[in-house]
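Novice: with the sequence up front, the predicted model follows.
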Amino acid sequence: MALAADIVERIKKEGEIFPLWEGALGIFNPGVAMQVDIENFKGVAAPAGLAGFFWRTQKPGVTWEAVRAVLLERVKALNTPGALEALYGDMRSEIRSRSGCETDLAWFAIMVSAQPLIDRVITGLPPAERAAIAADLEMRIRRALESGPARESNFALLRRRALEFRVGGIVRRVLRERTRGIRPGENDMAAGALELREALGPGGAAYALTTVLHAISGAPGPVAACMLCELINRRDWRRKLRLELDALETGALCSAPTQAAPVTHRFIKEVLRKWSFPPVVRRFANRDISVGDYRLSKGENYYLSMCALHHSDAYWTDADRFDPDRWLESAADIRPGAYVPFGWRARSCIGATLGVSQLIIFAHLMLTQFDIRLAGDCAPEIELSAVAIPKNFNGAVLQR
Ligand code: HEM
């Protein structure tokens, strides 16, 4: 059984905090999960990267919190009307390039979301460098979608390591050449890493930028795939969203996506509740921490689960029902810490606002400019194994 589903079952019998196995504590109470995670990351230093470890290029006392603050500012700049219109254009081109022929629509949604994000993390990459980063991103997503422990051949492992090494080299080169002014760069996340380069040293800045590259190979794609599947399966909601989105010009949509499309926003909040990614996260205790009757020692693991919280009848009425109307202002009464699609504050998602804007843009494109023709025998359904992902979801995307 997948870990998330196993946890949901065990909570019913063992309560909200219990040892999952030796050296690993499961913390599935909203308030306790928040507190423990805050305590665990209080004042934690930013990783110095490999170079920083050997050459001590990082200034002492730089916290990961300070790194996050700089990266968050860069995300804000990517979530402005002009930047979102550019994202809209790039996603439309990505859809067009994948339209016309039958395809796995889950993978289609993943790529349409993840690929354009590469250019928001690092702008102006030469084709060979961009292709290497895209290959690394695809490989990471495919691995995340594998259920069960991956059985990787030696050749595949070697190929993966070689690609990771290549991407590491590209990230360091981008930062080095942009510092020297011999490589152009615009409004992107790399600019944030450059701002941090003096404090973090080259290794720490590369680590920060690589964290962002890894993050875009995580949630944005699978969540977009689940949203597309829900749109296809729920005709009533598809009609409501189309009515709202058809009336919105691109400019109006991109100027304030969540305000311009409140019904779509509600739908997305519910997708994020039901199909959160990842379903479970693992942490290392950075210090000794007391958790009720339990004690976490430094170096031990603890696990948190957005999936367990989002599917708990203790915090949601009819938790397993897909119901965007639960997000109507009059109905929304959410227990603090029970809705965590972007994780827990200390390590929460830096790209949350951009991620939601992108999902709204994707819904707009798929409902107002393109149609989906499902393959004849397809009855798509979202399955939760290692992660939540639509299965049996083949069809063609056609320009309207
Ligand atoms: C709907 C889209 C997205 C979802 C659902 C999502 C979800 C998450 C979650 C749950 C975490 C925390 C994981 C943990 O606690 O270990 C996270 C972390 C992160 N996300 Fe996102 N994410 C999305 C989009 C993005 C985008 C577009 C970016 C970048 C522009 C981004 C950048 C990051 C970064 C850098 C972290 C690591 C933060 C840290 O380690 O302090 N995310 N994301």
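Specialist: Yep, that arrived.

Novice: what about the strands in the stretch 251-400 of the chain?
Specialist: In the stretch 251-400 of the chain, the segments counted as strands under DSSP state E, counting those that start in this stretch are 281-284, 289-291, 294-296, 301-304, 370-374, 381-384, 388-391, 394-399.

Novice: same list (those) but as JSON lines, adding mean pLDDT.
Specialist: Supplementary listing: the strands of the stretch 251-400 of the chain in JSON lines, determined by pLDDT from 0 to 100:
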{"stretch": "strand 281-284", "mean pLDDT": "95"}
{"stretch": "strand 289-291", "mean pLDDT": "94"}
{"stretch": "strand 294-296", "mean pLDDT": "93"}
{"stretch": "strand 301-304", "mean pLDDT": "96"}
{"stretch": "strand 370-374", "mean pLDDT": "96"}
{"stretch": "strand 381-384", "mean pLDDT": "93"}
{"stretch": "strand 388-391", "mean pLDDT": "95"}
{"stretch": "strand 394-399", "mean pLDDT": "96"}
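
Novice: in contact with the single nearest residue of the stretch 301-400 of the chain relative to the ligand: list those residues for me.
Specialist: Per C-beta to the nearest ligand atom, residue 351 is where the stretch 301-400 of the chain lies closest to the ligand, at 2.1 Å. Where C-beta positions appear, they are placed from N, C-alpha and C, glycine not excepted. Residue 351 makes contact with 75, 212, 215-216, 220 under the criterion C-beta atoms under 8 Å, 6 or more residues apart in numbering.

Novice: restrict the residues you listed to those near the ligand?
Specialist: With C-beta under 6 Å from any ligand atom as the criterion, those include 75, 212, 215-216, 220 near the ligand.

Novice: just those residues: which are in helices?
Specialist: Judged by DSSP state H, those include 75, 212, 215-216, 220 as members of helices.

Novice: dump the residues you listed to a markdown table, plus neighbour count and distance to residue 379.
Specialist: Shown next, in a markdown table, are those (neighbours: other C-beta atoms under 10 Å; distance: C-beta to C-beta, whole Å):
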| residue | neighbour count | distance to residue 379 |
| --- | --- | --- |
| 75 | 19 | 38 |
| 212 | 23 | 37 |
| 215 | 18 | 32 |
| 216 | 25 | 31 |
| 220 | 26 | 26 |
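
Novice: which of those residues sits closest to the ligand?
Specialist: Closest to the ligand, out of all of these and judged by C-beta to the nearest ligand atom, is residue 215, at 3.2 Å.

Novice: how much space between the closest one and residue 78?
Specialist: 13 Å (C-beta to C-beta, to the nearest Å).

Novice: same check, this time on residue 93
Specialist: 18 Å.

Novice: contact residues of the protein facing the ligand?
Specialist: 68, 75, 117, 211-212, 215-216, 219-220, 223, 272, 277, 281, 341-343, 347-351, 354-355, 359.

Novice: what segments of the stretch 201-350 of the chain are helices?
Specialist: All helices of the stretch 201-350 of the chain, identified by DSSP state H, counting those that start in this stretch, fall at 220-233, 235-246, 250-255, 257-260, 262-274, 306-310.

Novice: want to throw those helices into a markdown table with mean pLDDT?
Specialist: What follows is these, written out as a markdown table (pLDDT from 0 to 100):
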| stretch | mean pLDDT |
| --- | --- |
| helix 220-233 | 98 |
| helix 235-246 | 98 |
| helix 250-255 | 97 |
| helix 257-260 | 98 |
| helix 262-274 | 98 |
| helix 306-310 | 95 |
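
Novice: dig out what residue 283 forms beta bridges with.
Specialist: Beta-bridge pairing for residue 283 (DSSP bridges): residue 302.

Novice: wait, doesn't it sit right on residue 299?
Specialist: No. Using C-beta atoms under 8 Å, residue 283 makes no contact with residue 299, being 11.2 Å away.

Novice: between those two, which has more neighbouring residues?
Specialist: residue 283 (21 against 11; other C-beta atoms under 10 Å).

Novice: what sits against that one?
Specialist: 37, 40, 301-304.

Novice: quick one: the helices in the stretch 1-150 of the chain, in order.
Specialist: According to DSSP H, counting those that start in this stretch, the helices that the stretch 1-150 of the chain contains are 3-14, 30-41, 49-55, 64-78, 81-97, 105-121, 127-145.
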